[in-house]
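Asks: no FASTA, just this:
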């Protein structure tokens, strides 16, 4: 009888515990739902307040305020700037043609190299002088440079003329932060890290630099922590957008006339939901004729992705594949997680699958501890791979990275000499690749109208200057016969 009672008590306890768990889960869900609803409501409230503020200015002698966004750095920053511009238009601002004309100047910044930061602060100094004559000039700084705590503190202490500073994690909170700065008249700095995706929602796809092509962010952040790179510290850990969201944005852009899509991420190959499959799905979107992507990390370039590049006709036969150094010893020190042999094997796979593929790369010289033998290994890779484009850099120390702690610095004179030797090896290869195209015809997408004709890009991303008897517009894809070649471009005529 006691056993039966004990069993009954246990069953009652289980029921009570289950009930308590359900109640806690329900309470947690309700709190979460209420928080989301409140956040959406507050965002719309801030948007309304700024719009009303700008509408009132439009009816005053001051007139409707205008804005100008200046972008530094990578394609991801460019796409972020396009979305920020779209949001500012929604908030009642008009686009200015230059920062000199604007009432609101926003710098979307980069910090990959020290020279970029120096240039940004130099330009901010000019804005400070402009603000002395234009007292109502509103100055904002966002992006990777602004995300660094030491930079935010520097602005707080020494650059009080800057009205607003926000980082890479909270640009979606621009309406709230902007209204706070307008309402209080005080400097607002917010570089806190939000847990969610820093995606700007509810902004139109129509606001972009080019009508015929656009970038689409598929992920944010980076988990690789290369020893020289500041990006994981300012962009945060990897966060992938749901594939449905990416495809929805691509479809919107295609509907608006976009023909070429660039899928963007610090390492697109590690896209959480399968990058090769995403490429296949993007290719199915009606109207998309060209697909590019960057940046790819060699360690994550799978055989499945190689096959997708070969199979999907819309994927442009141009891959950006940074090697950084040809020395396995330096690559290991950089925490790149591949060897020279691994990289060359991947190039062999790509060229076996797509024989005419063009490979571009990034190369750093003068990395701490780099010896002459290490540098010669880089030259060896350059000669074996024959890159179609190479972005070459002298190592730039970035505070907060492991490499910044190194004491075995390559002397600037030696680093500069190696840089010159690298360029001297790369440039003739570029010219030879371009000269081999003379007499051949390539499908070329018109990028711009020039004084002498047109400028465009081939499938392999070659820059082409050409003439045409027929009138063309950006986005048109035409056949161009190549007649001349230079190191950095080819030229020809429309057939």
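Replies: Okay, I see it. These numbers come from a predicted model, not from an experiment.
Asks: low-scoring stretches of the chain, by residue?
Replies: The chain contains residues with pLDDT under 70 at 1-43, 201, 205.
Asks: care to break it down by domain?
Replies: Domain assignment of the chain by automatic domain parsing yields the ranges 58-190, 213-435, 441-494.
Asks: Show me where the stretch 251-400 of the chain has its helices.
Replies: Here the stretch 251-400 of the chain has its helices, by DSSP state H, counting those that start in this stretch, at 275-283, 303-311, 328-333, 340-353, 372-385.
Asks: Quick check: which helices or strands does the shortest one pack against?
Replies: Here helix 328-333 is seen to pack against helix 340-353, helix 372-385 when contacts are counted using 3 or more C-beta pairs under 8 Å, 6 or more residues apart in numbering; DSSP states H and E. All C-beta atoms are positioned from the backbone trio N, CA, C, and that covers glycine.
Asks: got the contact list for that helix?
Replies: Helix 328-333 has contacts (C-beta atoms under 8 Å, 6 or more residues apart in numbering) with 227, 324-325, 338-341, 367-370, 374, 377.
Asks: same thing with the first one?
Replies: Here helix 275-283 makes contact (C-beta under 8 Å, 6+ apart) with 218, 243, 246-247, 250, 261, 263, 268-269, 271, 288, 291, 293, 302, 304-305, 307-308, 312-315.
Asks: Give the ChimeraX command for selecting the buried subset of the residues you listed.
Replies: Buried residues within these, by 16 or more other C-beta atoms under 10 Å, are selected in ChimeraX with:
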select :218,243,246,247,250,261,263,268,269,271,288,291,293,305,308,312,314,315
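Asks: if we can go back for a sec, make TSV out of the helices of the stretch 251-400 of the chain and add distance to residue 120.
Replies: Formatted as TSV, those follow (distance: least, C-beta to C-beta, whole Å):
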stretch	distance to residue 120
helix 275-283	32
helix 303-311	35
helix 328-333	29
helix 340-353	33
helix 372-385	30
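Asks: For residue 130, which of these is the nearest?
Replies: Across these, residue 130 has its closest neighbour in helix 275-283 (42.7 Å, C-beta to C-beta).
Asks: can you give me the angle that closest one makes with helix 303-311?
Replies: Computed by axes from the mean of the first three to the mean of the last three C-alpha atoms, to 10 degrees, the angle separating helix 275-283 from helix 303-311 equals 30 degrees.
Asks: So which bits of helix 275-283 are buried?
Replies: 275, 276, 278, 279, 282, 283.
Asks: Tell me which two of the residues you listed sit farthest apart.
Replies: Once C-beta to C-beta is applied, these give 275 and 283 as the farthest pair, at 12.8 Å.
Asks: Isn't residue 193 up against residue 169?
Replies: Yes. Assessed by C-beta atoms under 8 Å, residue 193 is found in contact with residue 169 at 4.5 Å.
Asks: Between those two, which contacts overlap?
Replies: Here residue 193 and residue 169 share the contacting residues residue 236, scored by C-beta under 8 Å, 6+ apart.
Asks: Check whether the spatially most central residue of the chain sits in a helix, strand or coil.
Replies: The C-alpha lying nearest the average C-alpha coordinate of the chain belongs to residue 76 (C-alpha atoms, centre = their mean; 1.7 Å). Secondary structure, DSSP: H, G, I helix; E, B strand; the rest coil: residue 76 is helix.
Asks: contacting residues around it?
Replies: 215, 217, 264, 265, 266.
Asks: swap in residue 228?
Replies: Contacts for residue 228 (C-beta under 8 Å, 6+ apart) come out as 334, 364, 367, 395, 398, 401, 403.
Asks: Now the fourth one: phi and psi?
Replies: The phi/psi pair for residue 395 (degrees, to the nearest 10) reads phi -50, psi 130.
Asks: Tell me the one among the contacts of helix 328-333 nearest to residue 471.
Replies: When the contacts of helix 328-333 are ranked by distance to residue 471 (C-beta to C-beta), residue 324 comes first, at 44.1 Å.
Asks: on that earlier part again, adding distance to residue 202, write the domains of the chain out as JSON lines.
Replies: Formatted as JSON lines, the domains of the chain follow (distance: least, C-beta to C-beta, whole Å):
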{"stretch": "domain 58-190", "distance to residue 202": "8"}
{"stretch": "domain 213-435", "distance to residue 202": "12"}
{"stretch": "domain 441-494", "distance to residue 202": "26"}
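Asks: Return the distance of the residue nearest to the centre of the chain relative to residue 112.
Replies: Using C-beta to C-beta, to the nearest Å, we find residue 76 at a distance of 11 Å from residue 112.
Asks: With residue 305 instead?
Replies: To residue 112, residue 305 is 25 Å away according to C-beta to C-beta.
Asks: Residue 163 too?
Replies: For residue 163 relative to residue 112 (C-beta to C-beta), the value is 25 Å.
Asks: Would you agree residue 180 is in contact with residue 174?
Replies: No. Counting by C-beta under 8 Å, residue 180 does not reach residue 174; the two are 10.6 Å apart.
Asks: In terms of packing, which of the two has more residues around it?
Replies: When residue 180 and residue 174 are compared for neighbours, residue 174 comes out ahead with 25 against 15, by other C-beta atoms under 10 Å.
Asks: On the three-state scheme, the residue nearest to residue 204 when sequence neighbours are not counted is what?
Replies: Spatially, and ignoring its direct neighbours in sequence, residue 204 is nearest to residue 86 (5.5 Å; C-beta to C-beta, 6 or more residues apart in numbering). Under three-state DSSP, residue 86 falls in the helix class.
Asks: how many other residues sit next to residue 86?
Replies: With other C-beta under 10 Å as criterion, residue 86 counts 18.
Asks: Isn't it up against residue 207?
Replies: Yes. The pair residue 86 and residue 207 qualifies as a contact (C-beta under 8 Å) at a distance of 3.6 Å.
Asks: Next, format the helices and strands packed on helix 328-333 as TSV and append mean neighbour count and distance to residue 235.
Replies: Output for the helices and strands packed on helix 328-333, formatted as TSV (neighbours: other C-beta atoms under 10 Å; distance: least, C-beta to C-beta, whole Å):
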stretch	mean neighbour count	distance to residue 235
helix 340-353	16	24
helix 372-385	17	27
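Asks: Kindly present those helices as TSV, with separate columns for distance to residue 222.
Replies: Conversion of the helices and strands packed on helix 328-333 to TSV gives the following (distance: least, C-beta to C-beta, whole Å):
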stretch	distance to residue 222
helix 340-353	19
helix 372-385	23
